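A.B. asks: Need coordinates for the below:
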Amino acid sequence: MIRTVFVLGELNVDAIISGSSVQPEPNKEKFVDDFSLTLGSSSAITACRLAQLGLNVYFVSVVGNDDFGMYCIERLKYFGVNTEFVRIDPQEKTGVTISLSTPTDRALLTFMGSICKLAKTLVPDSIFEQADHLHFGSLYLQLGMQREWAALFAKAKECGITTSFDTGWDPQEQWKRPLINELLCVTDLFLPSKEEVLHIYDCS
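C.D. replies: Next up, the predicted model:
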């Protein structure tokens, strides 16, 4: 039975601008219907939802030493996620995604900042003693970890730990199929969206 989950990944805020007409136009000011600031990142959202289901969840990530970073940590704690492995890096700014949301779709603009700064050296060895399950999110944003995930998952499998990951959208639209295929050999649950998997395997 899965009791303890380690989630590794990006940690950022989402600034959500909502309305029927949110497309910016040069040299014009436009009104929108709503604005909200919330905890972003697929990894953090996954961690919060698992904690709400009663699992013991640890989050491993990096934020900047700024208001957004403190907000992210505060929200994780609010949902019951353990943040002892979230590193606060004074040299980085916390990442931000601006979501331009209409009733039918959304467009995302992301400032990477600390989003891509998770590194192998920040992954605690205690994972292999404590975790029942290991998950990471947003493969294409985790530039410091892309070549490390397969080895990390392979070690997890040796320790009897189940694994899962999601890809998210690839902003460079390269999709890196060989990297995905290598990871799938040591992955129990693969969680792309329909559109993402069609692009990864060139079926669109």
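A.B. asks: What pLDDT does the model give residue 60?
C.D. replies: Residue 60 carries a pLDDT value of 98.
A.B. asks: can you pull the contacts of it?
C.D. replies: 6, 7, 8, 9, 85, 86, 118, 122, 123, 124, 127 (CB atoms under 8 Å, 6 or more residues apart in numbering). C-betas here are computed from N, CA, C, even on glycine.
A.B. asks: Equivalent analysis for residue 202, please.
C.D. replies: Residue 202 neighbours (CB under 8 Å, 6+ apart): residue 177.
A.B. asks: Quick check: which element contains it?
C.D. replies: Assignment of secondary structure by DSSP states H and E places residue 202 within no helix or strand.
A.B. asks: Residue 179 contacts residue 148, correct?
C.D. replies: No - counting by CB atoms under 8 Å, residue 179 does not reach residue 148; the two are 11.0 Å apart.
A.B. asks: which residue is nearest the centroid of this protein?
C.D. replies: Nearest to the mean C-alpha position of the chain, counting by CA atoms, centre = their mean, stands residue 43 at 3.3 Å.
A.B. asks: my read: it touches residue 12, true?
C.D. replies: No - taking contacts as CB under 8 Å, residue 43 lies outside contact range of residue 12: 9.6 Å.
A.B. asks: Would you mind listing the outside residues contacting the strand or helix carrying residue 14?
C.D. replies: Using DSSP H and E, residue 14 sits in strand 12-18. For strand 12-18, the surrounding residues in contact (CB under 8 Å, 6+ apart) are 32-41, 44, 68, 71-72, 94-102, 110, 113-115.
A.B. asks: Mark which of those are buried, thanks.
C.D. replies: 39-41, 44, 68, 71-72, 94-101, 110, 113-115 (16 or more other CB atoms under 10 Å).
A.B. asks: Please name the nearest non-neighbouring residue to residue 24.
C.D. replies: residue 30 (7.4 Å; CB to CB, 6 or more residues apart in numbering).
A.B. asks: Show the model's pLDDT score for the one you found.
C.D. replies: On the pLDDT scale, residue 30 gets 89.
A.B. asks: Check residue 39 too.
C.D. replies: For residue 39, pLDDT reads 97.
A.B. asks: contacting residues around it?
C.D. replies: 13, 14, 45, 48, 71, 72, 75, 76 are the contacts of residue 39 under CB under 8 Å, 6+ apart.
A.B. asks: wait, which of the residues you listed is closest to residue 163?
C.D. replies: Taking CB to CB as the measure, residue 163 lies nearest residue 45 of the contacts of residue 39, at 18.6 Å.
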